[in-house]
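In: Need the 3D shape of this:
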Amino acid sequence: MRNSVPASPGAHLRQDVFANVVVFLVALPLCLGIATASGVDPFAGLISGIIGGLVVSLLSGSRLSVSGPAAGLVVIVVSSIASLGSFSAFLAAVLIAGLLQIAFGFLKAGGLANFVPTAVIKGMLASIGLMLIMAQVPLGMALNAKESADAPGEASGMDLRAATFDTPFGEIGLISMVLFLVSLAILFIWDSTKRFKLVRAIPGPLAVVLLGIGGVVALDASGLSATLPDAQRVTLVSIDSFSALTSALAFPDFSQMIDADVWRVAITLAIVASLETLLSLEAVEQIDPERRRASPDRELKAQGVGNMTAAMLGGLPLTSVIVRSSANVNAGAKTRLSGVIHGLLLLASVVALTAVLNLIPLACLAAVLVHTGYKLAKPQLFISTAREGWQRFLPFIATIVGVMATDLLIGIGIGIATGAVIALRTKLAQTFTLTQHGDHYLLSFRKDATFLDKPMLTRQLDRIPDNATLIVDAECADFVDRDIREALEDFVSKAPDRGITVEQMTSYQRFAVMA
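Out: Residues are numbered from 1 along each chain as shown. As a prediction, the model looks like this:
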């Protein structure tokens, strides 16, 4: 094994600075898009991105993982704010969720994610992807939102602001639809074309955002009276003073922390955010060239502190995010300094780039999230899972249906329960084997037998015809439950009436004297 001397923090400064710029360019549109999709002020998404960089990166044991608001939590955020009635009550739930994550870390619960079936995790992510697509397509198309709604006064010349057309689903805005479809096409092309230097240098989400800003500037500068209403752009408050900053922040309603519904949301957030974090952490370890491992329990504590901080400042719940983390690794990052600097850049953008950020069309951000949802729920995922067998496909589908029909936590529970039932059925089916040679039958115990195996044993014994010989071999079993022994003894006692001869091997006889 090759010995290496750990490099000093400054040894990789150049790689980390370059990587943090790349991560910043990926994170910025995602922070804005996730906040918009969640129905909250875009500033809340930026706060979470900043905390993910400045707080979680410093506390995390992972050198390459990057945290921030997660697309996978959008569905929970939207439904939770609606059910709790206010964003401040939701922030109270985020605060509790952070405390629960810290408790998970101290209880060494980081390894519990290994007990969740892979099919259920895939189903959870796929259902999140489907719901993202369903929620963001109407936003990207400006469905039921007249593009002329915010236009002051009378328009002259060619007025594209009023260009809408009716569909069976409602009225769609022309400008937003074009921006959305073009942005979506660019994102898919960006993913499939890596041979051009420009494509490799600029992240797809950034390219889409730049396109949107350029389109809005061009429309505003044209003589066509064409523009995009403020309601269909990012609307960040200008942070030009300390009072502006404090007024932009939101705070949790501590009086709601005794509400049972708040705790229900908090538990859901804590479990799902922890699962996403641990999955992302494992994925980062796989793509890290140095294969460095990080403590999952320490990561849960770091995420808990991050979520508590986000709740206190009005940010969205955060997790370790594989999109940003993989961008960090691929850009050549070596230490956690990259994540920290990306947080500083997000902070600087809040102060210095508000005017530019407010030019970003919501249609472009919706396209970024629809593309993210597609990657979570690719058709290939359904095909590959189906090919793995019904034992994996059924929990996968059960999780998706459960999440779509109820909520995320119940859906995960349905998926786990389905997987457990299938695993139990498979286990029970393998306890006994019955082989036939002429009129002789051999009933073999392949492993220990409990009362759960009794229905299977009964079915096997029912297959023995009259006037046959049955040999019972329990050599491979170290334990046979009393219910199993009683079922066998009952069969033996009635066997002479049917002309059946039962030969019990020595290994089975020893169980007759067990308590």
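
In: quick one: the strands in the protein?
Out: Using DSSP state E, the strands assigned to the chain run over residues 67-69, 164-167, 170-173, 318-320, 432-437, 440-445, 469-473, 501-504.

In: Single out the most deeply packed of those.
Out: Stretch with highest mean neighbour count among the strands of the chain: strand 67-69 (a mean of 33; mean count of other C-beta atoms under 10 Å). Placement of C-beta: from N, CA and C, glycine included.

In: Outline the domain layout of the chain.
Out: In the assignment given by automatic domain parsing, the structural domains of the chain cover 13-377, 389-427, 430-513.

In: give me the number of residues near residue 351?
Out: Other residues within reach of residue 351 by the criterion other C-beta atoms under 10 Å amount to 11.

In: I'd like to know how far the residue lying closest to it once chain neighbours are set aside sits from residue 359.
Out: Take residue 351 and drop its neighbours on the chain: the residue closest to it by C-beta to C-beta, 6 or more residues apart in numbering is residue 239, 5.4 Å away. Between residue 239 and residue 359 the computed distance is 17 Å (C-beta to C-beta, to the nearest Å).

In: Residue 206 now?
Out: Noted for residue 206: a distance of 14 Å to residue 359, by C-beta to C-beta.

In: Over to residue 405?
Out: Here residue 405 is placed at a distance of 40 Å from residue 359 (C-beta to C-beta).

In: Comparing these two, which shows the higher neighbour count?
Out: Relative neighbour count places residue 359 above the other of residue 405 and residue 359, with 17 against 11, counting by other C-beta under 10 Å.

In: Next, the more buried one: phi, psi?
Out: phi -90, psi -10 (degrees, to the nearest 10).

In: Give me the nearest residue to residue 238, chain neighbours excluded.
Out: Counting by C-beta to C-beta, 6+ apart, the nearest residue to residue 238 once its immediate chain neighbours are dropped is residue 354, at 4.8 Å.

In: any idea how far the one you found is from residue 38?
Out: Distance of residue 354 to residue 38, given as C-beta to C-beta: 20 Å.

In: Looking at the two, which has the bigger crowd around it?
Out: Between residue 354 and residue 38, residue 38 has the larger neighbour count (other C-beta under 10 Å), namely 26 against 17.

In: residues in contact with the more buried one?
Out: With contacts defined as C-beta atoms under 8 Å, 6 or more residues apart in numbering, residue 38 is in contact with 44-45, 69, 74, 77-78, 81, 316.

In: could you dump those residues to CSV with distance to residue 298 and pLDDT?
Out: Converted to CSV, those look like this (distance: C-beta to C-beta, whole Å; pLDDT from 0 to 100):
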residue, distance to residue 298, pLDDT
44, 26, 91
45, 26, 91
69, 21, 91
74, 27, 85
77, 26, 92
78, 31, 90
81, 30, 94
316, 23, 94
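
In: Distance to residue 142 added to the residues you listed, as CSV?
Out: Listed next are these as CSV, based on distance: C-beta to C-beta, whole Å:
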residue, distance to residue 142
44, 22
45, 21
69, 23
74, 19
77, 22
78, 19
81, 22
316, 24
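
In: out of those residues, who has the most neighbours?
Out: Highest count within those by other C-beta under 10 Å belongs to residue 69, 33 neighbours.

In: how much space between that residue and residue 31?
Out: Distance, residue 69 to residue 31, using C-beta to C-beta: 6 Å.

In: in whichever helix in the chain runs longest, what's buried?
Out: In terms of residue count, the longest helix belonging to the chain (DSSP state H) is helix 260-287. Neighbour-count burial for helix 260-287 flags 262-266, 268-285 (criterion: 16 or more other C-beta atoms under 10 Å).

In: centre of the chain versus it, how much separation?
Out: 8 Å (C-alpha atoms, centre = their mean, to the nearest Å).

In: picking up where we left off before, buried deepest among the domains of the chain, which one?
Out: Most buried of those by mean neighbour count (mean count of other C-beta under 10 Å) is domain 13-377; its value is a mean of 20.

In: So, low pLDDT: which residues of the chain?
Out: Applying pLDDT under 70 to the chain flags residues 1-16, 144-170, 194-201, 223-227, 286-287, 331, 428-429, 505-515.

In: Let me know the distance separating the nearest residue to residue 371 once chain neighbours are set aside from residue 205.
Out: Ranked by C-beta to C-beta, 6+ apart and with sequence neighbours excluded, the top spatial neighbour of residue 371 is residue 187, at 4.2 Å. Taken as C-beta to C-beta, the spacing of residue 187 relative to residue 205 amounts to 7 Å.

In: which neighbours do these two share?
Out: When contacts are counted by C-beta under 8 Å, 6+ apart, residue 187 and residue 205 have residue 368 as shared neighbours.

In: just the helices in the stretch 251-400 of the chain please.
Out: 260-287, 296-313, 322-330, 337-352, 354-357, 362-376, 379-387, 390-405 (DSSP state H, counting those that start in this stretch).

In: Residue 250: which of those is closest?
Out: Evaluated over these, closeness to residue 250 peaks at helix 296-313, with 7.7 Å, by C-beta to C-beta.

In: Check which helices and strands that closest one sits against.
Out: Using 3 or more C-beta pairs under 8 Å, 6 or more residues apart in numbering; DSSP states H and E, the elements in contact with helix 296-313 are helix 42-51, helix 57-59, strand 67-69, helix 87-106, helix 260-287, strand 318-320.

In: For residue 363, which of the ones you listed is the nearest?
Out: If you check each of the helices and strands packed on helix 296-313 against residue 363 by C-beta to C-beta, helix 42-51 wins as the nearest, at 14.5 Å.

In: Alpha carbons of that closest one, in PDB - could you do that?
Out: Backbone C-alpha positions of helix 42-51 (Å, rounded to 0.1, in the frame of the first residue of the first chain) are rendered in PDB as follows:
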ATOM      1  CA  PRO A  42     -36.200  33.000  -3.900                       C
ATOM      2  CA  PHE A  43     -34.100  34.500  -1.100                       C
ATOM      3  CA  ALA A  44     -34.900  31.400   1.100                       C
ATOM      4  CA  GLY A  45     -33.200  29.200  -1.400                       C
ATOM      5  CA  LEU A  46     -30.100  31.300  -1.500                       C
ATOM      6  CA  ILE A  47     -30.000  31.300   2.300                       C
ATOM      7  CA  SER A  48     -29.900  27.500   2.400                       C
ATOM      8  CA  GLY A  49     -27.200  27.400  -0.300                       C
ATOM      9  CA  ILE A  50     -25.100  29.900   1.800                       C
ATOM     10  CA  ILE A  51     -25.600  27.800   5.000                       C
END
